[in-house]
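> Here is a sequence together with a model predicted from it:
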Amino acid sequence: MSYFLQQLINGLTLGAIYALIAIGYTMVYGIIGMINFAHGEIYMIGAFVSLITFFVLGVVGVTWVPLALVLVLVSAMGFTAFYGWTIERVAYRPLRGSFRLAPLISAIGMSIFLQNYVQLLQGARVKSLPPVIQGGFKLMESNGFTVQLSYLQIIIMLLTVALMAGFSIMIAATPLGRAQRACEQDMTMAALLGVNVDRTISTTFIIGAALAAVAGMMVTMYYGVIDFFIGFLAGMKAFTAAVLGGIGSLPGAVLGGFLIGLIEAFWSGYFSSAYKDVAVFGVLILVLIFRPSGLLGRPEVEKV
Amino acid sequence: MRFGGLLAVDGLSFAANKGDITAIIGPNGAGKTTVFNCLTGFYRPSSGTLAFDRGGKTLALERMEGWRITRDAGVARTFQNIRLFTGMTVLENLIVAQHNKLMRASVYSLAGLLGLKRYRDAEGAAVETARYWLDRVGLVDHANRLAGTLPYGAQRRLEIARAMCTDPLLLCLDEPAAGLNPRESAELNELLLAIRERHKVGILLIEHDMNVVMGISDRIVVLDYGKKIAEGTPGEIRSNQAVIKAYLGEPDA
């Protein structure tokens, strides 16, 4: 029981991180119908920006942890959002209206470019960050096994829930959210009603990148080690989460993220951590075969 | 407007006066919708200008981006095939049309996210405007229905209401009476006349239903093969020989 509880906590933490990345995939897919394969790299850049900011703050002498966290959060979201905006501007916007595969290829190219860019600038070796937040609660103890809920895990989950709540309000009740939903359905018509479609799409990329940056920061603090290649696997898993939940659906991305996190945690807890990725991508295949529209996605009905 | 070897609209020139209902008629393929597409920024005319007077300033529509034409010039448009946001509610369709006003009030959505009063007020006003137009087109009871579930005639009226919510000076309607029954098209006439009288909005109308065209137009422009073949009041057009020839053909000698 206690072992189960521990895996549940670990899975939810991991799931929160996947969910934050998955939102970026699903939003971009919703609005322009492309899979932004460079999104995993955006997350990786978010992790690097956080790491760099932590070091800069250390050098400057900001040692009060809450302040440092807020500063790192702001800097990671800000810089990474700028990357997100730039990528859309240089790699996707010029291809809008071109054939469907063009932006996809461009995204893959962008992804390779960003990996190499970070590798060249930061080096290929693993970077590590000493633990910033230590300690936690001991929830229960049985047979010599302690169930721990660390402060960091609490922060990760709370921050994720808060961001998602704010994000849902934005989509449902702000002009920007309405414009995004309008563009999703009919870009031409949205433009005819005075919606600046290009800017709405840019904002979507900016928001998606900022959320991925938060995920990057959390991972940096949670695992303490990052390298230039972490974006690939995390991006793929978050993409799987988005597909599992139903790509294009926001609640779907969140649900998918948590499910993937739990599958991974329980699989490594009860079977073998060596095959956890196999389990996750096995799920992707099963979903694609049996429920291609995902858990919460609407199946596309062809009108005759 | 030229598409490769095809000259779709050829040296067309006419004026739609402020607050008038101007109808564009002509046989199928005459280039009527192409004129609309040039006007609303879908096509860039190969040559020529589209001058639009707003508050004494002349705007060159042919050089503006599509969404600016709506926001800055105040040209709104509906389509032959209905293009509502079917997955949004009727009310939301009308609120999206007031996007720019709300965007300004909410400081690019920030105030909306924080739920500030300044945004809540603006949103309240937007809902009021929407309610007014829902009332005008008789859809108040359906405000929270998904737009795609409305019957056909109601969708047509909602499209006009939505266009009016952008606060236009000129409303371009592409076959608004298509598919309407006689009672519905009589209601449409009334609605369009009311828009002209009460809101001082000019209307540019493409229509095949001659009851609508002859009943409400101030001026009529007739196109055939991209050229203007006649222009005048409904009475003048009715008896114009060139128009009769274009529609009915020449009698065999």
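Yes, it's here. Because the structure is predicted, anything quoted here is derived from the model rather than measured. Numbers count the residues shown, from 1 in each chain, chains lettered A, B, ... in the order given.
> hey, where'd the helices end up in the stretch 201-304 of chain A?
Assigned by DSSP state H, counting those that start in this stretch, the helices in the stretch 201-304 of chain A fall at A:230-245, A:250-270, A:276-290.
> Check which helices and strands the first one is in contact with.
It stands for helix A:230-245. Packed against helix A:230-245 by the contact rule (3 or more Cβ pairs under 8 Å, 6 or more residues apart in numbering or on different chains; DSSP states H and E) you find helix A:2-32, helix A:39-60, helix A:101-122, helix A:197-223, helix A:250-270, helix A:276-290. For the C-beta atoms, the positions are set from N, CA and C on the backbone; glycine is no exception.
> List the buried residues of that helix.
Counting neighbours by 16 or more other Cβ atoms under 10 Å in any protein chain shown, one finds that the buried residues in helix A:230-245 are A:230-232, A:234-245.
> Could you check the angle it makes with helix A:197-223?
110 degrees (axes from the mean of the first three to the mean of the last three Cα atoms, to 10 degrees).
> Return the mean pLDDT over helix A:230-245, rounded to an integer.
Computed over helix A:230-245, the mean pLDDT rounds to 93.
> With the second one instead?
Mean pLDDT, computed over helix A:250-270, is 93.
> how long is stretch B:160-169 end to end?
End-to-end distance of stretch B:160-169 (Cα to Cα, to the nearest Å): 14 Å.
> Flag every buried residue along that stretch.
B:160-169.
> What strand or helix carries residue A:140?
Under the criterion of DSSP states H and E, residue A:140 resides in strand A:136-142.
> Centre of the chain to that strand, how far?
Averaging C-alpha positions (Cα atoms, centre = their mean, to the nearest Å) puts strand A:136-142 29 Å from its chain's average.
> now do stretch A:273-289
Averaging C-alpha positions (Cα atoms, centre = their mean) puts stretch A:273-289 18 Å from its chain's average.
> what's the answer for stretch B:134-144, then?
20 Å.
> again, but for stretch A:138-155
On Cα atoms, centre = their mean, the centre of stretch A:138-155 falls 26 Å from that of its chain.
> With stretch B:58-69 instead?
How far stretch B:58-69 lies from its chain's middle: 16 Å, per Cα atoms, centre = their mean.
> quick one: is that stretch near chain A?
Yes - residues of stretch B:58-69 are located near chain A by Cβ under 8 Å from any Cβ of the partner chain, namely B:66-67.
> Please save the CA atoms from that stretch in PDB.
Taking Å, rounded to 0.1, in the frame of the first residue of the first chain, the C-alpha atoms of stretch B:58-69 are listed here in PDB:
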ATOM      1  CA  THR B  58      -9.800  58.000 -47.600                       C
ATOM      2  CA  LEU B  59      -8.500  54.500 -47.000                       C
ATOM      3  CA  ALA B  60      -7.100  52.300 -49.800                       C
ATOM      4  CA  LEU B  61      -8.600  48.900 -49.100                       C
ATOM      5  CA  GLU B  62      -6.600  47.200 -51.700                       C
ATOM      6  CA  ARG B  63      -3.500  47.800 -49.700                       C
ATOM      7  CA  MET B  64      -4.800  46.700 -46.300                       C
ATOM      8  CA  GLU B  65      -4.600  43.300 -44.600                       C
ATOM      9  CA  GLY B  66      -7.900  41.500 -44.200                       C
ATOM     10  CA  TRP B  67      -8.400  42.000 -40.500                       C
ATOM     11  CA  ARG B  68      -7.600  45.700 -40.700                       C
ATOM     12  CA  ILE B  69     -10.200  46.200 -43.400                       C
END
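> Can you mark which positions in that stretch are buried?
Within stretch B:58-69, the residues scored as buried using 16+ other Cβ under 10 Å are B:59, B:61-62, B:64, B:66-69.
> Just the residues contacting that stretch, thanks.
A:188, A:190-192, A:194-197, B:38-42, B:44-45, B:48-53, B:72-73, B:75 (Cβ atoms under 8 Å, 6 or more residues apart in numbering or on different chains).
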